[in-house]
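Enquirer: Model the structure of this input:
(chains A, B, C and D)
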Number of protein chains: 4
Amino acid sequence: MAGNAFGELFKVTTFGESHGPAIGCVIDGVPPGLDLSQPDIQKDLDRRKPGQSDVTTQRKESDTVEILSGVFEGKTTGTPIALIIRNADHQSKDYENIKDIFRPGHADYTFFQKFGIRDHRGGGRSSGRETAARVAAGAVAKKILLKHGIAITAYTLAIGGVHADTIDLSVIEENIVRSPDLEAAANMVKKINAARESGDSVGGIIEAVIVGVPAGLGDPVFDKLEARLSHAVMSIGAVKGIEFGSGFSSANMYGSQHNDEVSIVDGKVVTGHNFAGGISGGISNGESINFRLAVKPTSSIAARQQAATKDMALSDIEIKGRHDPCLTPRIVPVVEAMTALVIADCILLQQSLRP
Amino acid sequence: MAGNAFGELFKVTTFGESHGPAIGCVIDGVPPGLDLSQPDIQKDLDRRKPGQSDVTTQRKESDTVEILSGVFEGKTTGTPIALIIRNADHQSKDYENIKDIFRPGHADYTFFQKFGIRDHRGGGRSSGRETAARVAAGAVAKKILLKHGIAITAYTLAIGGVHADTIDLSVIEENIVRSPDLEAAANMVKKINAARESGDSVGGIIEAVIVGVPAGLGDPVFDKLEARLSHAVMSIGAVKGIEFGSGFSSANMYGSQHNDEVSIVDGKVVTGHNFAGGISGGISNGESINFRLAVKPTSSIAARQQAATKDMALSDIEIKGRHDPCLTPRIVPVVEAMTALVIADCILLQQSLRP
Amino acid sequence: MAGNAFGELFKVTTFGESHGPAIGCVIDGVPPGLDLSQPDIQKDLDRRKPGQSDVTTQRKESDTVEILSGVFEGKTTGTPIALIIRNADHQSKDYENIKDIFRPGHADYTFFQKFGIRDHRGGGRSSGRETAARVAAGAVAKKILLKHGIAITAYTLAIGGVHADTIDLSVIEENIVRSPDLEAAANMVKKINAARESGDSVGGIIEAVIVGVPAGLGDPVFDKLEARLSHAVMSIGAVKGIEFGSGFSSANMYGSQHNDEVSIVDGKVVTGHNFAGGISGGISNGESINFRLAVKPTSSIAARQQAATKDMALSDIEIKGRHDPCLTPRIVPVVEAMTALVIADCILLQQSLRP
Amino acid sequence: MAGNAFGELFKVTTFGESHGPAIGCVIDGVPPGLDLSQPDIQKDLDRRKPGQSDVTTQRKESDTVEILSGVFEGKTTGTPIALIIRNADHQSKDYENIKDIFRPGHADYTFFQKFGIRDHRGGGRSSGRETAARVAAGAVAKKILLKHGIAITAYTLAIGGVHADTIDLSVIEENIVRSPDLEAAANMVKKINAARESGDSVGGIIEAVIVGVPAGLGDPVFDKLEARLSHAVMSIGAVKGIEFGSGFSSANMYGSQHNDEVSIVDGKVVTGHNFAGGISGGISNGESINFRLAVKPTSSIAARQQAATKDMALSDIEIKGRHDPCLTPRIVPVVEAMTALVIADCILLQQSLRP
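Expert: Sure, this is the predicted structure:
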């Protein structure tokens, strides 16, 4: 299936290269009758688009989305929704000098090994630009979530070792690194700027929280909710790890501690610390779902490096182009989108099982 | 698809409850002409089966597998391979007392919410017993890997805070916790025994290493090799997190550091520290693949706890049954099996793309 | 996917060879809470099993099905239902003489070309015996149909040129050829016996009618209801064609005639002749669905024939074994089963779209 | 999955409504390195497009296709190929008068029942216009077939009772009804014109022949090659039946006759009459594959009819718009396209099994 589609009933197929005519997606399986208009999607794309601040790439893309099908008189019709975004500012000439050289940390070498073809223009299909189509699809998925009272929020928990100490969701979109802690945010920006000035980049940690998920979503065996979400999130470039609830700290805990204190609140089972992260046995338990993911530092850095060439020799490389010195802030909306795709799909699947 | 199937071309569908007549699987898409006999599969099942040592559950199951189809004269025929394992020692009466109560940390509550049905006999389908079918399927997948010179090894890196300091693969099967460090292994056993004696359980960390994977497996977008492997591994019960290569530590690294030193060895690109974990842009790069996962402490503990009942009240619970005080050692072969399923599938997919 | 699975949400995977230890299936996606017991399934299997009359093969198989999973206290649990049927009367020695020769009209040659493996024992996986697993799965699907008031009836419309003139559904199971016309049935039996006595076989036509299907099942583009049903029915061995409603006769009709007289009955749209066959634009229209299929004469005949050998030479062949001189009567329950699988799946899909 | 995608490894997802901004498709799973340019696709679209002759609709559409992704420097890259065709001549006003009335023979009523939404503009997604996207995808599939020396030809065998007597493939594109018999073609044209002049329409029969298919494509059970092809072809609007090789005539044949004369030619097994239609046991046998399909007369006719309204009353209807008085000639390239999708997919699947 070549890996360009995601989801079972709510199924998204994306297409497009960084420097081709357009990117986009087709969403099949959207229920009929949902309110949907271009601005609903554009709003999310604007959060991801490049050039929003001085800690992101200066590539200029309006990322204007066009709805080609599946919507009639402001409502989804139940037929496929096709969305396209024309590429505007693709300066392919920036990439001429790396035509025969594989950028360190990038997919250049592995793409060539897999396909036997080298599309050197900004990474082609492996470019992070591909995630714009995911964000567009996520905006449609959120319409289903909205109907069910489910909300997803992701934010930057740490950048280059600087951690958010407080979690204030109201400030996330007020700072350019999307941190829930304004003071930490200021230090994160400094960290990024320092890295960029020395031709370098930094990594970070993103946390996502989903509230309002009813108990019963997900599946007991191969498609546990953690498995689906991990698949979704680990498919975002630069993400190196994911953990739910207690995560890696669970390895040091006792069962008596991890089982946590059980109580009944408003007719629902709740636990003291939500170590389960809102999922038990692969199925949502009605508490809020939370997970964290590690984002590696951007591979494209200005500093001179050694790299392998197509002839399997070593050569110096200087990467020009315009790159994000830290990917974390721009990955935040992508995490939300991928999460929305999973939850929307699980809702439809559960409806088929118990309408 | 209800989540009981895994894989695209090498596709496994599992079935069976902990206390029903049998568990098993059907494997569709196995190429013809592979040598395969019952002992090939039994050998792996014996590594996972209960009652192997005093740090595992004392449930007695021979876990004898029968091949029902797909093999003729010692070779796979290309038709589906059905495998069944009869349940022998299922003492359902152990579970009568929890018929109307949801065990803390278990899927009891969420299963009931999802299906509206309560199979209280040892967790039914959510029991770890289900993983025997995965191990059986994995043994078949390994036949494809063997042909391509690929080997997977998983081991216990830590239990309850005790870490392996040395990695000696030759000693893994010589100690009951499957640690690559015999000295650490002894301390891990102590940790487990102490927990069990106090009616408790402990968590741990498993590492997996895959050697011999050619460059080019995996896909660039939604089905990145990390995404596929994460889906596979995060679908194992009790696993709370996964990380590849540099993992969560990448969040604190600089790009110049993470890109690593590139060199050419034997006509292949290699890096100094393999921070990428053997995968770049979602596609294997020819280096060894490595990942780590966190295993929470067993939810079934002997100590008395508070739990929710079907009537949404609180009640004391004492879990009888026979349980593993630490799941980590028995999850090791399951991780290998799930990894084998993913790699075998990716090999077939790549063959379809570039035969 | 190797073609051993069928369905999207109600998904059946079958396994087993004619002369291996067992055949069977795993059904994933069965909703929880349906009444289901072994006799429900056995009843349908008994209609398909060999040796029921003197116009069918004399192979003796009790075709006793065992439920291995997915049912608890008489109800489906929502987890996979595994069913197995042990092969009893497999006289593989009958097939020793055709080890190196490809039976005319059979899959022997094509199997060998596809898999490079020859399982000569009664056709292996290509044997009609495989359809027992479909019938077992169909019996489970019918439980969903029952809940929605949908009934499927198939019958023999013609055998060897003898046609049923009247359609009396009540007599179908009263005659060994499953014809809705007892007088025609008697002549059909004569036709079959005459063919058998001269070492030959005959073909026939089956009609299927589905009543109670609500308007709205099926899909508008690639998965039109006719497309799904055709896929299902054309996957039964020996079926050479299918037509819905007006079928091939529509090629000679005018639009004014085919559009038919529209009227409103009980708040539903109905047509005079149901030329549409109950499906418009790929979606059920609320009228009864009907289709017909052509069954070729059995390939296994007693008369001496010329056949190709593995060495690509010609050789005389005499097929021993025990074979049906006409497949039509035994295919009737298989057609019902495959139809049930499609309709059950469409019901679940529609529930996911508009619960 | 909503039925807007087709294929397993060579997977096409189509989108678009008759009177929306655009139609198109995304093709995932195209192997890298195939020569592909816009004219390759345009050529096939030109064969299907409206307004080619006076026996087709006079809607004017240039049907100009744009390649948005997946092709670089004239070659496929292995990433998804997105194709769009802007709708130009969509006179939605023609449809205002049928806003609240369901056209006889159309999907209007069933769409409304399924989705609860009425897109009255020319049938929306159920319009035959949707098949342009299939033809575009088929043109890409043919690139794979070309590499394997496989050629597909479809033609009009009969229209309104006028049959082709001779089969001369060289004249098919020389006559506006795409018949292989020029004399019959002239009579077919007369038949169509007579129908149109009386505000009516006629049906027909199409035959397709595939040459060069190697033995071994297709699958033995649910995904028999006939099953796949039937699914593909029966998903084309207006098609009411399909038959392979001997087809419905097999119902009147004896086994001794149908098994046919076997001989060996050039090291391959061939039969006297190819009653099998090139497929045995669901797998291609190396002979040419052939099938025929019935096309009903166009539902849109000029003559006044009675129809059901949204309020479930009867009303007179006069369908304006511009419609084909016979769909058969324009369906010919769609049949070729759907056939190409199936064969290309089977080639990739077989490569994954036995590279």
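
Enquirer: can we go C-alpha only for contacts and neighbour counts from here?
Expert: Will do.

Enquirer: where's A:Gly20 relative to chain B, distance?
Expert: For A:Gly20, the distance to chain B equals 16 Å [C-alpha to the nearest C-alpha, to the nearest Å].

Enquirer: got it, and A:Asp311?
Expert: Taking C-alpha to the nearest C-alpha, one finds A:Asp311 at 9 Å from chain B.

Enquirer: Are we agreed that that residue is in a strand?
Expert: No: under DSSP: H, G, I helix; E, B strand; the rest coil, A:Asp311 falls outside any strand and is assigned coil.

Enquirer: which one is the residue in chain A that chain C sits nearest to nearest to, not counting chain neighbours?
Expert: Ranked by C-alpha to the nearest C-alpha, the top residue of chain A for proximity to chain C is A:Ser352, at 4.2 Å. Nearest residue to A:Ser352 in three dimensions, chain neighbours excluded: C:Ser352, at 4.2 Å (C-alpha to C-alpha, 6 or more residues apart in numbering or on different chains).

Enquirer: Could you pull up the mean pLDDT of whichever strand or helix holds that neighbour?
Expert: Secondary structure from DSSP states H and E places C:Ser352 in helix C:328-353. Average pLDDT, helix C:328-353: 97.

Enquirer: okay, the angle between it and helix A:328-353?
Expert: 130 degrees (axes from the mean of the first three to the mean of the last three C-alpha atoms, to 10 degrees).

Enquirer: what about the helices in the stretch 1-150 of chain A?
Expert: A:38-48, A:108-115, A:131-147 (DSSP state H, counting those that start in this stretch).

Enquirer: What pairs with the next helix or strand after the last one, parallel or antiparallel?
Expert: Sequence-wise, the next helix or strand downstream of helix A:131-147 (DSSP H and E) is strand A:151-159. Paired with strand A:151-159 in the same sheet, following DSSP bridges, are strand A:162-163 (antiparallel), strand A:204-211 (antiparallel).

Enquirer: and the angle for strand A:151-159 with helix A:131-147?
Expert: 130 degrees.

Enquirer: tell me, how many neighbours does A:Ser53 end up with?
Expert: 11 (other C-alpha atoms under 10 Å in any protein chain shown).

Enquirer: Contacts made by the helix or strand hosting A:Leu229 with the rest, please.
Expert: Using DSSP H and E, A:Leu229 falls within helix A:225-234. Defining contact as C-alpha atoms under 8 Å, 6 or more residues apart in numbering or on different chains, one finds that helix A:225-234 is touched by A:217-219, A:239-242, A:244, A:279, A:282-284, A:335, A:338-339, A:342, B:222-224, B:226-228, B:230-235.

Enquirer: repeat that for 7 Å
Expert: For helix A:225-234, contacts defined as C-alpha atoms under 7 Å, 6 or more residues apart in numbering or on different chains pick out A:218-219, A:242, A:282-283, A:335, A:338-339, A:342, B:222, B:226-228, B:230-232, B:234-235.

Enquirer: got it, and stretch A:260-277?
Expert: A:244-246, A:258, A:287, A:289-290, B:306-308, B:312-314.

Enquirer: Redo those as CSV? Include distance to chain C and neighbour count.
Expert: Shown next, in CSV, are the contacts of stretch A:260-277 (distance: C-alpha to the nearest C-alpha, whole Å; neighbours: other C-alpha atoms under 10 Å in any protein chain shown):
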residue, distance to chain C, neighbour count
A:Phe244, 25, 28
A:Gly245, 27, 21
A:Ser246, 28, 21
A:His258, 28, 25
A:Glu287, 23, 21
A:Ile289, 23, 23
A:Asn290, 26, 23
B:Gln306, 27, 18
B:Ala307, 23, 23
B:Ala308, 22, 23
B:Met312, 22, 17
B:Ala313, 25, 14
B:Leu314, 26, 17
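
Enquirer: which among the residues you listed gets closest to chain D?
Expert: Out of the contacts of stretch A:260-277, the member with the shortest distance to chain D (by C-alpha to the nearest C-alpha) is A:Ile289, at 26.6 Å.

Enquirer: Hmm, A:Ala208 and that closest one touching each other?
Expert: No: A:Ile289 lies out of contact with A:Ala208 (C-alpha atoms under 7 Å); the separation is 8.1 Å.

Enquirer: Tell me which of the contacts of stretch A:260-277 fall in strands.
Expert: Applying DSSP state E to the contacts of stretch A:260-277, the entries found in strands are A:Phe244, A:Ile289, A:Asn290, B:Gln306, B:Ala307, B:Ala308, B:Leu314.

Enquirer: Output those in JSON lines, with pLDDT and distance to C:Thr110 appended to each entry.
Expert: JSON lines is the format used below for the ones in strands among the contacts of stretch A:260-277 (pLDDT from 0 to 100; distance: C-alpha to C-alpha, whole Å):
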{"residue": "A:Phe244", "pLDDT": "98", "distance to C:Thr110": "50"}
{"residue": "A:Ile289", "pLDDT": "98", "distance to C:Thr110": "52"}
{"residue": "A:Asn290", "pLDDT": "98", "distance to C:Thr110": "53"}
{"residue": "B:Gln306", "pLDDT": "93", "distance to C:Thr110": "63"}
{"residue": "B:Ala307", "pLDDT": "93", "distance to C:Thr110": "60"}
{"residue": "B:Ala308", "pLDDT": "93", "distance to C:Thr110": "59"}
{"residue": "B:Leu314", "pLDDT": "94", "distance to C:Thr110": "64"}
